[in-house]
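Colleague: Below is the sequence, then the predicted model.
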Amino acid sequence: FRQAPAGGAVGSAPLAVGDSVLADVVPQLAQAGFEADGMVCRQMSQGIDILKRRGGSLPHLVVLALGANGEVTSLQIQEALGILGPSRVLALVTPHGSVVPSDSAVIRSAASKHPGRIILLDWDRLAGEHREWLAPDGVHLGGSAGIAAFAQLITSALSAAPQQSPEASSEQRQEPVGAP
């Protein structure tokens, strides 16, 4: 489930990459100005591959909503930060009901170690307080209230992300060395 942002500004629009939970909110994120890409059973390694393919064309803000289907490690988060470089911001969504319960703790720890570089979007905490937002499996969104809440959490990263400088903005648009 992929959708360009409303207005079609792919490349400069914030990018949200996720699993089946994010797939449920792709239209809402696109309407809010995100380029959104959600796929059933996507794992963190696959999300990192998307970032690698995008390379120098990544926007200032990248949201990763992964972890419901497999482990998220601190090394993977470090790799994502390395791909983004120092002038971009990574927002990480804590998964709720993950097959690896420690994923949320790993994400929270990474966010505390990298203030200004990582924005914590704590879905695990929010969803735990609002079980009515979830489907019976305790992972997926259970209707319009859950969809609205998850989309709002992700779009909140727009106001939480530090503003990029004009110099960083022009640097981000440059192709990496050796690009065709």
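Modeller: On my side now, so go ahead. Since the model is a prediction, treat every value here as computed from it, not as a measurement.
Colleague: Could I get the buried residue list for the helix ranked longest in the chain?
Modeller: In terms of residue count, the longest helix belonging to the chain (DSSP state H) is helix 144-160. Of all the residues in helix 144-160, those buried under the rule 16 or more other C-beta atoms under 10 Å are 146-147, 149-151, 153-155, 157. (C-beta placed from N, C-alpha, C; glycine too.)
Colleague: Now pLDDT too, for those residues, in JSON lines please.
Modeller: Formatted as JSON lines, these follow (pLDDT from 0 to 100):
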{"residue": "146", "pLDDT": "97"}
{"residue": "147", "pLDDT": "97"}
{"residue": "149", "pLDDT": "98"}
{"residue": "150", "pLDDT": "98"}
{"residue": "151", "pLDDT": "98"}
{"residue": "153", "pLDDT": "97"}
{"residue": "154", "pLDDT": "97"}
{"residue": "155", "pLDDT": "96"}
{"residue": "157", "pLDDT": "93"}
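Colleague: Just send those residues back as JSON lines, with distance to residue 109 too.
Modeller: Shown next, in JSON lines, are these (distance: C-beta to C-beta, whole Å):
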{"residue": "146", "distance to residue 109": "26"}
{"residue": "147", "distance to residue 109": "28"}
{"residue": "149", "distance to residue 109": "24"}
{"residue": "150", "distance to residue 109": "22"}
{"residue": "151", "distance to residue 109": "26"}
{"residue": "153", "distance to residue 109": "19"}
{"residue": "154", "distance to residue 109": "21"}
{"residue": "155", "distance to residue 109": "24"}
{"residue": "157", "distance to residue 109": "19"}
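Colleague: Thank you kindly, that will do.
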